[in-house]
Structures are given as structure tokens and as C-alpha cells.
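Asks: sequence first, predicted coordinates after that:
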Amino acid sequence: MLAKVYITLKKGVHDPQGEAVHHTLAAMGHKKIHNVRVGKYIEVKLDSALTPAEAETQMKEICEKLLANTVIESYRFEIQ
């Protein structure tokens, strides 16, 4: 089982890395890009013996306690 985790900054949180990418894209001639937000993508390999409910519970705990700073970041995950 594979969990794909997507972590992004919450709306309104300053994103200096996204601003740097946006500035560089503009310098490269990409003038019609209005905003860039940078996030994280993480893959977690789970034991196939877990039930879907167990996998979801485990991933929620992993995201909230380790992978995401829930004060400033949002997360979502897909389990395949």
C-alpha cells in the first residue's frame, strides 16, 4: 500500500520560496504567471496487511504529528 501525501501552506501564510520561484520565472520571461506556492510531496509505503481504515488512521497521525505543521500547513493524502 502506498500513501501519497501533499502538504501546502495555508492560504494567507507567507511563502518566500514560492515568491522566489515566481520572481525567477518572471526573469525568465514568463510574465503571465500571477502566483506560485511551493509545497511538499511525500510517499509512505505502508504494510499491505493494514485495513483501509487502519491505513487512513495511521496516515492522519503521521501527517499531524510529523509531516505537516498544522498551524501553517494543510495536508491531504491518497492511499493506493
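Replies: Noted; the coordinates are in hand.
Asks: check contacts around the closest residue to residue 46 other than its chain neighbours.
Replies: Excluding the flanking residues, the one nearest residue 46 by Cβ to Cβ, 6 or more residues apart in numbering is residue 1, at 4.1 Å. For every residue, glycine as well, the C-beta is placed using N, CA and C. Counting by Cβ atoms under 8 Å, 6 or more residues apart in numbering, residue 1 touches 45-48, 50, 55, 79-80.
Asks: turn the buried ones among these into a named ChimeraX selection, would you?
Replies: Command for ChimeraX, covering only those of these found buried under the criterion 16 or more other Cβ atoms under 10 Å:
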select :46,55,79
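Asks: out of the contacts of residue 1, list just those in helices.
Replies: Secondary structure assignment (DSSP state H) places residue 55 from the contacts of residue 1 within helices.
Asks: tell me the one among the contacts of residue 1 nearest to residue 14.
Replies: Proximity of those to residue 14 (Cβ to Cβ) peaks at residue 79, which lies at 31.4 Å.
Asks: go ahead and confirm that closest one touches residue 54.
Replies: No. Contact criterion Cβ atoms under 8 Å: residue 79 and residue 54 do not qualify, at 10.3 Å.
Asks: so the residue nearest to residue 46 versus residue 67, what's the distance?
Replies: According to Cβ to Cβ, to the nearest Å, residue 1 stands 17 Å off from residue 67.
Asks: just the CA trace of stretch 16-26, in CSV.
Replies: Extracted as CSV, the C-alpha positions of stretch 16-26 are listed here (Å, rounded to 0.1, in the frame of the first residue of the first chain):
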residue,chain,number,x,y,z
PRO,A,16,9.1,33.2,0.4
GLN,A,17,10.1,30.1,-1.6
GLY,A,18,7.1,30.5,-3.8
GLU,A,19,7.9,34.2,-4.3
ALA,A,20,11.5,33.4,-5.2
VAL,A,21,10.3,30.9,-7.9
HIS,A,22,7.7,33.4,-9.2
HIS,A,23,10.4,36.1,-9.4
THR,A,24,12.8,33.8,-11.3
LEU,A,25,10.0,32.7,-13.7
ALA,A,26,9.3,36.4,-14.4
